[in-house]
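K.L.:
have a look at this fold, sequence not included:
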């Protein structure tokens with residue numbers, strides 16, 4: 001029999017999501033980040049050359065990498081291992097996503113204020 005967990009006032013629900021992409025064309029990837037930067041900052045140009053900077057700009061603009069891709073299941077129904085998408089305008093091949101629901105965090109991220117937890121992805125103790 002499956003256990004149920006009813007919601008209670010003050011319960012912290014955390015959703016951790018991992019979305020992977022594989023860079024297939026570095027120049028297209030950086031060009032996509034530069035375009036996103038221009039869209040974010042009213043036509044202002046930026047010479048984005050760093051992968052972390054590119055990822056941050058793309059996330060700021062679209063909310064995720066490979067923004068046009070829907071759900072990407074792992075396992076049956078998903079892409080086969082090593083199978084990559086070629087020729088995308090953003091230069092990446094979407095490579096899967098997975099989410100985990102965690103109940104029982106002691107504090108929501110908001111409550112840390114300016115001092116984020118050392119490891120925001122650390123799972124709370126079981127029990």
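P.N.:
That came through, no problem. On a predicted model such as this, the values are computed, not experimentally measured, just so you know.
K.L.:
let me know the pLDDT of residue 23.
P.N.:
Looking at residue 23, its pLDDT stands at 96.
K.L.:
likewise for residue 53?
P.N.:
96.
K.L.:
the closest residue in space to it that isn't next to it in sequence: what's it in contact with?
P.N.:
Once flanking residues are discounted, residue 53 sits nearest to residue 33: 7.3 Å by Cβ to Cβ, 6 or more residues apart in numbering. Heads up, the C-betas are built off the backbone N, CA and C, glycines and all. Applying Cβ atoms under 8 Å, 6 or more residues apart in numbering to residue 33 gives the contacts 48, 53-55, 57-58.
K.L.:
which member of these is positioned nearest residue 88?
P.N.:
residue 58 (12.9 Å; Cβ to Cβ).
K.L.:
from residue 78, how far out is residue 64?
P.N.:
Remark: distance between residue 64 and residue 78 (Cβ to Cβ, to the nearest Å) = 17 Å.
K.L.:
re the thing from before, what about the residue nearest to residue 53, which helix or strand?
P.N.:
Assessed by DSSP states H and E, residue 33 sits inside helix 26-40.
K.L.:
residue 5 too?
P.N.:
Applying DSSP H and E, one finds residue 5 in no helix or strand.
K.L.:
what count of nearby residues applies to it?
P.N.:
Counted with other Cβ atoms under 10 Å, residues neighbouring residue 5 total 8.
K.L.:
same question for residue 8.
P.N.:
When neighbours are counted by other Cβ under 10 Å, residue 8 comes out with 6.
K.L.:
who are the neighbours in contact with residue 88?
P.N.:
24-25, 28, 66.
K.L.:
neighbour count added to those residues, as CSV?
P.N.:
Below are the contacts of residue 88 laid out as CSV (neighbours: other Cβ atoms under 10 Å):
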residue, neighbour count
24, 16
25, 17
28, 16
66, 21
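K.L.:
now, among these, which is nearest to residue 7?
P.N.:
residue 66 (32.5 Å).
K.L.:
list the contacts of that closest one.
P.N.:
19, 21, 88, 90, 92, 94.
K.L.:
who's in contact with the residue lying closest to the fifth one once chain neighbours are set aside?
P.N.:
The spatially closest residue to residue 92, leaving aside those adjacent along the chain, is residue 21, at 4.1 Å (Cβ to Cβ, 6+ apart). By Cβ under 8 Å, 6+ apart, the contact set of residue 21 is 65-66, 92-95.
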